[in-house]
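**Q** build me a model:
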Amino acid sequence: MKIITFSLHTQQPLLATSFQGDPNSDVSYSFIPGSMIRGAIIGRYMKQHQLSELDLSNDAVKHLFFDANSTCYLNGYLRSSQEGKRTLPVPRSWFKDKDAELGDKSPEITAYDFSILDRENEPETPKFVGEGFWTEEGDCVRFYKEKRRINIHNQRDRKKGRSTPIKRDPQTKQLKGEGEIFSYEAIDAAQTFEAVILCSSEDNVKLLKDLLQLSPELWLGGSQSAGYGHTKIDLDHINCHDAWDEVSIPIEDRIDNDSFTITLLSDMILRDEWGQYAVIPPSAQHEVSVPLIKELEKFLGVEPQPKRSFTSSTLVGGFNRKWGLPLPQVPALAAGSVFVFEKISITPKQIQQLETYGIGERIVEGFGRVVVNWLEKADFQAKQPETRKSSQPTLKQEASRSLAAEMAERLLLKKLEQALQKQMGYPGIQGEISNSQLSRLLLVARQALTTGDCDLVLSLLDNLPANARGQFERAKIGENKDFLKQKLYEWLRDPMSWSWISNPQDLTVKVAETERSITDEFAIENKLAEKYTLRLIMAVTKKAMKEKI
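**A** Numbers count the residues shown, from 1 in each chain. Predicted coordinates for the structure are as follows:
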């Protein structure tokens, strides 16, 4: 088989709708389905040949788009940021300790492959490592997860271009009108996916490569008129290979194994002997052979004996652009499923046939991809991808620097507003203090806010009558129940300490080379510390007055 590999860069969110989520949302797959890539290339083929529809009796058309023995369009999976390799779905036999989580505090964890691991060495509280993608980099495994974007939309009238009120027709008693709210959870922009096309002949390779090179612009998925689906092909990296496999491990190194293991690299659609779609995993307890065993028997000539399975099922569908209708929903074995059988004698040719042609239905669209005797480590170290710091652009014009400074200032103020709102979620003023005293404090703080003069409020606190002073001294504030008067003094005498913010070091914003923080010249000149301290006092005072009503 000849292979074409190419990269797809998402310029807009991409909606490859799956069957997840609630009825009022569309949730995208985590990858670009092979059927979607095939459909886009068919569109180019029809446009190039000025066709309104494909002639299915044409041998060239069949071999290019509909014959799994001639051409297969594999799913576009995430491309790793470290080594630029095509990642693969995480095997479902990989587990970790329940409390082990990858993050800033724990950049590396130990994972276990239960398809190989002895039962005695299993962790006490195992948990599946989670769905996603992975690739081996050096002596460790790196997990990758696609970035997603959730957008909220409302249904609109096509003619009027806006939503119309929902009313009941007095004659038909049916509801008419638009305005329903729904959401799209799509693959986010600025991500790279690696796609693969398998071809049986050099002629097909040349035809498909020419179609890919027609233009870098490629539109994929749904809602393309609503700002979704724009991707770009990297024309400089459309590569052709004579020898290629998805796991980069020579077949000769995978013949001698303690068991015969099948791992799914994509979803697999199978039917049982009655023609029904089936997702039954092989088991030693089954008296009747399940569909997967029967399919394997066709390639191997012997019936493999199951030992254990690590599987999950999913629903798959699609969209037929000729019909303008969705394809029927069918159950399938999910990508990453692992099936372990008793050791059998297998030849390199049999492994190559299994991995080249796949198993099940819709193979031409990338379904049914398998790999034999792939996983070999019982335990290993797993990491997250390294985050690369993006270089900030240099601004040469004074107008650009002024705009960047203004943007940074606004973002800093937004962060301060968020910190102030967060503070309102904590317990406020507690104890016996009258609304008249709180109102006096509020009025003086509001007066001081114009100039940022905290001394006005300090003067009020220093000159309170005995009864009022007693109320301020006895009242308490916050989770630690500090005395109110003492806390007010702490805030007002040293507002630059930002003591009411839990992580003041995080309040820094950078736009291009312009940086703004709560301790820089901009903050001092505009008295941000004093003004936000006074706003905090006003906010907690208002909250206490409302709670007393």
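**Q** give the rounded mean pLDDT of stretch 113-122.
**A** Mean pLDDT, stretch 113-122: 79.
**Q** now the terminal residues of that stretch, how far apart.
**A** Start and end residues of stretch 113-122 are separated by 9 Å (C-alpha to C-alpha, to the nearest Å).
**Q** then stretch 332-339?
**A** Using C-alpha to C-alpha, the end-to-end distance of stretch 332-339 comes out at 15 Å.
**Q** on the C-terminal side of the lengthiest helix in the chain, identify the next helix or strand.
**A** Criterion DSSP state H: the longest helix present in the chain is helix 398-423. Next helix or strand after helix 398-423 toward the C-terminus (DSSP states H and E): strand 429-430.
**Q** who touches that following strand?
**A** Contacts with strand 429-430, where a contact means C-beta atoms under 8 Å, 6 or more residues apart in numbering, come from 438, 475-477, 481, 484, 540-541, 543-544. Every residue, glycine included, has its C-beta placed from N, CA and C.
**Q** and which of those is nearest residue 154?
**A** Nearest to residue 154 among those is residue 543, at 34.3 Å by C-beta to C-beta.
**Q** correct me if wrong: the closest one contacts residue 424.
**A** Yes: using C-beta atoms under 8 Å, residue 543 is in contact with residue 424, at 6.5 Å.
**Q** so for those two, which sits in the more crowded spot?
**A** residue 543 (15 against 12; other C-beta atoms under 10 Å).
**Q** in contact with the closest residue to the more buried one other than its chain neighbours, which residues?
**A** The shortest distance from residue 543 to any residue other than its chain neighbours is 4.6 Å, reached at residue 428 (C-beta to C-beta, 6 or more residues apart in numbering). Listed by C-beta under 8 Å, 6+ apart, the contact partners of residue 428 are 477-478, 540, 543-544, 547.
**Q** again, but for residue 352
**A** Contacts of residue 352 by C-beta under 8 Å, 6+ apart are residue 251.
**Q** so it: helix, strand or coil?
**A** At residue 352 the chain is in helix, as set by DSSP: H, G, I helix; E, B strand; the rest coil.
**Q** ok, now how distant is it from residue 122?
**A** 34 Å (C-beta to C-beta, to the nearest Å).
**Q** what residue is smack in the middle of this protein?
**A** For the chain, the residue nearest the mean C-alpha position is residue 147 (3.4 Å; C-alpha atoms, centre = their mean).
**Q** do I have it right that that residue meets residue 193?
**A** No: in this structure, residue 147 is not within contact of residue 193 by C-beta under 8 Å, at 11.8 Å.
**Q** next SSE after the worst-scoring helix or strand of the chain on mean pLDDT?
**A** Within the chain, no helix or strand scores below strand 175-176, which has a mean of 59 by mean pLDDT, DSSP states H and E. From strand 175-176 onward toward the C-terminus, using DSSP H and E, the following helix or strand is strand 181-187.
**Q** dump that next one to PDB, restricted to CA.
**A** Output of strand 181-187 as PDB, limited to C-alpha atoms (Å, rounded to 0.1, in the frame of the first residue of the first chain):
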ATOM      1  CA  ILE A 181     -31.200  28.200  22.700                       C
ATOM      2  CA  PHE A 182     -28.700  25.500  21.700                       C
ATOM      3  CA  SER A 183     -25.000  25.000  22.000                       C
ATOM      4  CA  TYR A 184     -22.200  23.700  19.900                       C
ATOM      5  CA  GLU A 185     -19.200  22.100  21.600                       C
ATOM      6  CA  ALA A 186     -16.600  22.100  18.800                       C
ATOM      7  CA  ILE A 187     -12.900  21.300  18.300                       C
END
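**Q** quick one: list the elements packing against it.
**A** Under the contact definition 3 or more C-beta pairs under 8 Å, 6 or more residues apart in numbering; DSSP states H and E, strand 181-187 sits against strand 25-27, strand 148-154.
**Q** centre of the chain versus that strand, how much separation?
**A** On the basis of C-alpha atoms, centre = their mean, to the nearest Å, strand 181-187 is displaced by 13 Å from the centre of the chain it belongs to.
**Q** quick check: angle from it to strand 148-154?
**A** 160 degrees (axes from the mean of the first three to the mean of the last three C-alpha atoms, to 10 degrees).
**Q** helix or strand next in line after strand 181-187, which one?
**A** Strand 181-187 is succeeded, C-terminally, by strand 192-199 (DSSP H and E).
**Q** what mean pLDDT does that next one get?
**A** 94.
**Q** okay, now the sheet partners of that strand, with direction.
**A** strand 2-10 (antiparallel), strand 71-78 (antiparallel) (DSSP bridges).
**Q** show me the contacts for the closest residue in space to residue 504 that isn't next to it in sequence.
**A** Leaving aside its sequence neighbours, residue 504 sits nearest to residue 498 (C-beta to C-beta, 6+ apart; 4.1 Å). Each residue near residue 498 by C-beta under 8 Å, 6+ apart is listed here: 504, 507, 518, 529.
**Q** so which bits of stretch 352-360 are buried?
**A** 354-355, 357-360 (16 or more other C-beta atoms under 10 Å).
**Q** and residue 334, how many residues sit next to it?
**A** 20.
**Q** ramachandran coordinates for it?
**A** phi -80, psi 150 (degrees, to the nearest 10).
**Q** which of the residues in stretch 16-35 are buried?
**A** Here stretch 16-35 shows 16-18, 26-35 as buried, counting by 16+ other C-beta under 10 Å.
**Q** state the distance from residue 15 to residue 367.
**A** Distance check for residue 15 against residue 367: by C-beta to C-beta, it reads 20 Å.
**Q** who is residue 315 paired with across the strands?
**A** Where residue 315 sits in a bridge, its partners, by DSSP bridges, are residue 331.
**Q** what do you get for residue 112?
**A** The partner residues for residue 112, given DSSP bridges, come to residue 95, residue 379.
**Q** before we move on, back to that, report the two of the buried residues of stretch 352-360 separated the most.
**A** Going by C-beta to C-beta, the pair spanning the buried residues of stretch 352-360 furthest: 355 and 360, at 13.7 Å.
**Q** quick one: list the elements packing against the longest helix of the chain.
**A** So helix 398-423, by 3+ C-beta pairs under 8 Å, 6+ apart, packs with strand 508-511, strand 514-517, helix 521-525, helix 528-548.
**Q** buried subset of the contacts of strand 429-430?
**A** 438, 475-477, 484, 540-541, 544.
**Q** can you redo these as CSV with distance to residue 469 and pLDDT?
**A** Shown next, in CSV, are these (distance: C-beta to C-beta, whole Å; pLDDT from 0 to 100):
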residue, distance to residue 469, pLDDT
438, 14, 89
475, 11, 89
476, 15, 88
477, 16, 87
484, 11, 87
540, 19, 87
541, 17, 89
544, 17, 86
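**Q** wait, which of those residues is closest to residue 417?
**A** Nearest to residue 417 among the buried ones among the contacts of strand 429-430, with distances taken as C-beta to C-beta, is residue 540, at 15.5 Å.
**Q** for that closest one, give its distance to residue 51.
**A** Look at residue 540 and residue 51: by C-beta to C-beta, they are 71 Å apart.
**Q** also residue 124?
**A** Computed as C-beta to C-beta, the residue 124 to residue 51 distance reads 62 Å.
**Q** between those two, which one's more packed in?
**A** Taking other C-beta under 10 Å, residue 124 and residue 51 do not tie; residue 51 has more neighbours (12 against 7).
**Q** and the more buried one, how far from residue 323?
**A** The value you get for residue 51 to residue 323, if C-beta to C-beta is used, is 17 Å.
**Q** try residue 495
**A** 67 Å.
**Q** neighbour count winner among these two?
**A** residue 495 (21 against 8).
**Q** if we can go back for a sec, more neighbours: residue 15 and residue 367, which one.
**A** Legend: neighbour count by other C-beta under 10 Å for residue 15 and residue 367, higher for residue 367 (28 against 24).
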